[in-house]
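# Okay, structure incoming, though there's no sequence with it:
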């Protein structure tokens, strides 16, 4: 059998993803374009990183793909204890550098020694892990972070029995007015307790789990000292208000919500 042990381990997982017929009730269908990008995520460096996580006993077996995007893929994975976890693998590419830098520069927690795509991707992954830690510790509904290494983030799987929780965009809440106010509470809690702004909040990165909103994709989240933190906060609020207005929810103006949130408590 050719290849090193780390390469064989991770490539076996790639083969499993491509060959296994995933239960459509558990993992949503992906079109052919999504399937084509699966192997592109598993470059040699990522293969080695995954092998280290397997050897460390953090993850054991890939089951299927939950979502794919230009920035990262998220996989449904089993731990050695057979519990469900989510593994987010960030891609390394030059275009990502332009997007990520404005959210990294100005954040005193992170110092970029090098600005190549690889270094930025690793820092971006760490940034999401740290943001999740902060948010979770302050009671914000986000996935619990488990482990981070290079461009791989392991976190809590949000779903039931292998069925991923849907995005709010895909399944609008049954009680939109209630959920609207809950999301505002999460934004406020993130701002006042975790001292963070999500900075990219929308119906695309809010999951509905047990009829409660869970905020995801928080890698671009910034601390309040970031020079554009309040601009990002206002943008988050405006996006959420726009979404719920489409569901016929009567909301205050974004500026009114913004002013209320930034008040000292």
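Structure received. Since the model is a prediction, treat every value here as computed from it, not as a measurement.

# Quick check: what element follows whichever strand or helix holds residue 178 along the chain?
Applying DSSP states H and E as the criterion places residue 178 in helix 176-192. The helix or strand immediately downstream of helix 176-192 is strand 196-197, counting by DSSP H and E.

# Paired strands for that following strand, with orientation please.
strand 222-223 (antiparallel) (DSSP bridges).

# neighbouring contacts of the partner strand?
With CB atoms under 8 Å, 6 or more residues apart in numbering as the test, strand 222-223 has contacts from 103, 106-109, 195-197, 199, 228-229, 232. The way it works is simple: take the backbone N, C-alpha and C, and place the C-beta from them, glycine included.

# mind listing which of those residues are in strands?
Of these, the ones assigned to strands by DSSP state E are 196-197.

# taking the contacts of strand 222-223 one by one, which sit in helices?
Those of the contacts of strand 222-223 mapping onto helices are 103, 229, 232, per DSSP state H.

# Run through the strands of the protein in chain order.
61-68, 72-78, 84-90, 145-149, 152-156, 159-160, 163-164, 196-197, 206-209, 212-215, 222-223.

# and of those strands, who's closest to residue 178?
strand 212-215 (9.8 Å; CB to CB).

# Flag every buried residue along the closest one.
Neighbour counts over strand 212-215 (16 or more other CB atoms under 10 Å) mark 213-215 as buried.

# that older thread, tell me the buried residues within the contacts of strand 222-223.
Taking 16+ other CB under 10 Å as the criterion, what is buried in these is 103, 107, 196-197, 199, 229, 232.

# quick one: least confident of those residues?
pLDDT across the buried ones among the contacts of strand 222-223 is lowest for residue 107, at 83.

# That one touches residue 226, doesn't it?
Yes. If you go by CB atoms under 8 Å, residue 107 and residue 226 touch, sitting 5.6 Å apart.

# coming back round to it: between the buried residues of strand 212-215, which is nearest residue 71?
residue 215 (16.5 Å).

# The residue nearest to that closest one when sequence neighbours are not counted: what's it in contact with?
Once flanking residues are discounted, residue 215 sits nearest to residue 142: 5.2 Å by CB to CB, 6 or more residues apart in numbering. Contacts of residue 142 were listed using CB under 8 Å, 6+ apart, and they are 132, 135-136, 214-216, 218.

# quick one, phi psi at residue 142?
Note on residue 142: its backbone torsions stand at phi -140, psi 160 [degrees, to the nearest 10].

# how near is it to residue 55?
Distance of residue 142 to residue 55, computed by CB to CB, to the nearest Å: 28 Å.

# do residue 240 as well
Computed as CB to CB, the residue 240 to residue 55 distance reads 42 Å.

# more crowded one of the two?
Of the pair residue 240 and residue 55, residue 240 is the one with more neighbours under other CB atoms under 10 Å, namely 22 against 11.

# hang on, that one packs against residue 200?
No. Taking contacts as CB under 8 Å, residue 240 lies outside contact range of residue 200: 11.6 Å.

# picking up where we left off before, take the buried ones among the contacts of strand 222-223 and write them to TSV, including distance to residue 84.
Shown next, in TSV, are the buried ones among the contacts of strand 222-223 (distance: CB to CB, whole Å):
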residue	distance to residue 84
103	29
107	31
196	26
197	29
199	28
229	34
232	32
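
# and of those residues, the nearest to residue 261?
Taking those together and measuring to residue 261 by CB to CB, the closest member is residue 197, at 9.9 Å.

# Tell me the bridge partners for the closest one.
When bridges are taken as DSSP bridges, the partners of residue 197 come out as residue 222.

# quick one: contacts for it?
Applying CB under 8 Å, 6+ apart to residue 197 gives the contacts 190-191, 221-222, 224, 226, 229-230, 232-233, 236.

# Any regions of the stretch 1-150 of the chain where pLDDT drops low?
Applying pLDDT under 70 to the stretch 1-150 of the chain flags residues 1-40.

# residue ranges for the helices of it, please.
Ranges of helices within the stretch 1-150 of the chain are 5-19, 32-41, 44-56, 94-104, 117-137, based on DSSP state H, counting those that start in this stretch.

# what residues does the longest one touch?
Defining contact as CB under 8 Å, 6+ apart, one finds that helix 117-137 is touched by 45, 88, 90-94, 96-97, 100-101, 103-104, 107, 109-110, 112-113, 142-145, 148, 150-153, 155, 190, 194-196, 215, 217-221.
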